[in-house]
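> Predicted model and sequence below, questions to follow.
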Amino acid sequence: MKKINRRSFNAKLTQGLAGTALISNMVMANTKNNKQDRKLGIALVGLGSYSTYQLAPALQDTKHCYLAGIVTGTPEKEAIWAKKYGIPKTNIYNYSNFDAIKDNNDIDIVYVVLPNSMHAEFSIRAARAGKHVICEKPMAMNVTECDEIIDACKKAGVKLGMGYRLHSEPYTQEVKRYVKEKTFGDILYVSADASYRSTGNPEQWRLNKELSGGGALVNMGVYAFQSAIYATGENPIAVSAQEFSTRPDYFKATDETITAQFKFKSGAVANMTTSHNFGGNRLHAVGTEGWFELEPANNYGPLHGNSSKGEFNFPHESQQKLQMDDFASHILFNTPNLAPGEMGKRDMIIIEAIYNSIANKGSEVILDLPANYGFGD
Ligand code: NAD
C-alpha cells in the first residue's frame, strides 16, 4: 500500500477541498440563477397584534421571503401599512376582493393571521387561488375544518404550513435532538405549562367561543402538549383532563384553566397545565439518565435551557423570521416542512379529546393517532 505522509496528505486534502469548493460554487451559481436569489412574496391576512408587532417586522429580516401584500378588513390600515412597508396598491386586498389574489404573481404565500373561526375560510380561499398557505394556530375550529384545509391545499397542489414558530427555533430543535440521541436516556415524565393571565377587554374575540373555538387550551395549551410530544418523541395514546374555573364572570364562554395527563406507548407520562388566569411557561422532562428543562419555554424568546448536564443556550433570533424562512425554503428548496398541516390537525384531535374527557368528568379518552402522525419531515 502506498504510504502517504502528512505533507502530501495535506496537499491532496487542499486540492480536494479546492475542487469541492469549485464544484459547489458552480452549483451555487447555477442555483442562484434559478431560486437562490428569489424571495417569495408573503401576504398577511389580518393586521392585528401578531401581524403588526411580530410578523411584519420579522419579514424585514427574512432571507427567502418578504412582505409583498396585505389583506385587511380595516380600510384605514391600508395607507398606514402601504407607507410603512412600501406595499403597492395592487397588492392590497380586503376580505371581499381577496380571491383576485390568484392573478397576482407577487404573492406566493398567504399567511392567515385572523381570529380562529376565520382560519378555515381564508386558508381554503388562499389554496383555491393557487397560493401556498401558512395558517396560524389553532388550525381551525374542529377536526373537520382541518381536513377541509388540508384537502383544499392538496387539491390545489400548494404547500401548507402551520404558524408553529417554536419548531424553527434552536431550543426546541435541541430538545428533539436529545430525544433522538437519548442524551438523557429514555424519557419517563414530562411536565409542561403554557399560560398567561388575561385581564383585557372581556369582549375580545379570544373570550368569544364563536370566534375562538375555545379558551386557554386552544390558545396556549397547544404549546404545552406539543412540548410533551417533542420531549417524548411520540404522540400520546390516551388523555384525561380537568377544567377549573375561578373567574366565571370574566371567562363566560371559554375555558380558564385546564390540566391534562397523557400516556405514551413507551410508558412515559406527561402532565400539562394551561390557563388564562395565571402565568406559566415551562417544559421539564425526566429521563432514565437525567433531566432537562426550558424556562421560558414557549414565548418569543430568548428562551433558556438547563439540564442535569448543565445549562444550554443559543443566540437569540426572531422565531417568526426563522419560521417563515423555513417554510419559504421548504417551497423553494424542498427542505423539510417543520410544521405541516397534519400537525395542526393532530393538535385539534388532541384538543377535541381533552374537551371530551372534561365533558365526561375526566374519564380517559383513547387517542388513535399513529406514533408520529403530524411530525414535521
Ligand atoms: P388580534 O385580535 O390582535 O388581531 C385580529 C385581527 O383580525 C385584527 O386585525 C382584526 O381586525 C381582524 N378581524 C377580522 N374579523 C374579526 C372579528 N370578527 N373579530 C375580531 N377581529 C377580527 O389577534 P392576534 O393576536 O393578531 O391573533 C391572530 C391569530 O394569530 C390568532 O389565530 C392567534 O391564535 C394567532 N397568534 C399566534 C401567535 C403565535 O405565537 N404563533 C401569537 C399571537 C397570535
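Right, received. Where do you want to start? Residues are numbered from 1 along each chain as shown.
> And the strands in the protein?
40-45, 65-71, 92-93, 109-112, 132-135, 160-162, 187-195, 236-244, 257-264, 269-275, 280-287, 290-294, 305-307, 365-366 (DSSP state E).
> now those in a markdown table, with distance to residue 326, mean pLDDT and mean neighbour count?
Backbone N, C-alpha and C define where each C-beta goes, glycine included. Shown next, in a markdown table, are the strands of the chain (distance: least, C-beta to C-beta, whole Å; pLDDT from 0 to 100; neighbours: other C-beta atoms under 10 Å):
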| stretch | distance to residue 326 | mean pLDDT | mean neighbour count |
| --- | --- | --- | --- |
| strand 40-45 | 12 | 98 | 25 |
| strand 65-71 | 10 | 98 | 23 |
| strand 92-93 | 25 | 98 | 20 |
| strand 109-112 | 12 | 99 | 26 |
| strand 132-135 | 10 | 99 | 28 |
| strand 160-162 | 8 | 98 | 27 |
| strand 187-195 | 22 | 98 | 23 |
| strand 236-244 | 25 | 98 | 18 |
| strand 257-264 | 27 | 98 | 22 |
| strand 269-275 | 26 | 98 | 23 |
| strand 280-287 | 21 | 98 | 22 |
| strand 290-294 | 20 | 98 | 20 |
| strand 305-307 | 20 | 98 | 18 |
| strand 365-366 | 33 | 98 | 16 |
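> could those strands go into JSON lines alongside distance to residue 143?
Shown next, in JSON lines, are those (distance: least, C-beta to C-beta, whole Å):
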{"stretch": "strand 40-45", "distance to residue 143": "22"}
{"stretch": "strand 65-71", "distance to residue 143": "26"}
{"stretch": "strand 92-93", "distance to residue 143": "29"}
{"stretch": "strand 109-112", "distance to residue 143": "18"}
{"stretch": "strand 132-135", "distance to residue 143": "14"}
{"stretch": "strand 160-162", "distance to residue 143": "15"}
{"stretch": "strand 187-195", "distance to residue 143": "21"}
{"stretch": "strand 236-244", "distance to residue 143": "15"}
{"stretch": "strand 257-264", "distance to residue 143": "18"}
{"stretch": "strand 269-275", "distance to residue 143": "19"}
{"stretch": "strand 280-287", "distance to residue 143": "26"}
{"stretch": "strand 290-294", "distance to residue 143": "29"}
{"stretch": "strand 305-307", "distance to residue 143": "33"}
{"stretch": "strand 365-366", "distance to residue 143": "14"}
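> can I get those in TSV with distance to the ligand?
Output for the strands of the chain, formatted as TSV (distance: least, C-beta to the nearest ligand atom, whole Å):
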stretch	distance to the ligand
strand 40-45	9
strand 65-71	10
strand 92-93	13
strand 109-112	8
strand 132-135	9
strand 160-162	9
strand 187-195	11
strand 236-244	20
strand 257-264	16
strand 269-275	13
strand 280-287	13
strand 290-294	16
strand 305-307	19
strand 365-366	24
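> Of all these, which one is nearest residue 210?
strand 109-112 (17.8 Å; C-beta to C-beta).
> For the ligand, what's the nearest residue on the protein?
residue 48 (1.7 Å; C-beta to the nearest ligand atom).
> what's the neighbour count on that residue?
15 (other C-beta atoms under 10 Å).
> Do you know the pLDDT at it?
The model reports residue 48 with a pLDDT of 98.
> List the contacts of the residue lying closest to it once chain neighbours are set aside.
Distance criterion C-beta to C-beta, 6 or more residues apart in numbering; nearest residue to residue 48, sequence neighbours excluded, is residue 113 at 6.8 Å. Counting by C-beta atoms under 8 Å, 6 or more residues apart in numbering, residue 113 makes contact with 44, 45, 46, 47, 48, 50, 51, 55, 136, 163.
> which residues sit in contact with the residue positioned nearest the centre of the chain?
Central residue of the chain (C-alpha atoms, centre = their mean): residue 164, 0.7 Å from the mean position. Contact analysis of residue 164 by C-beta under 8 Å, 6+ apart lists 137, 226, 323, 338, 339, 343, 344.
> Right, I'll leave it there.
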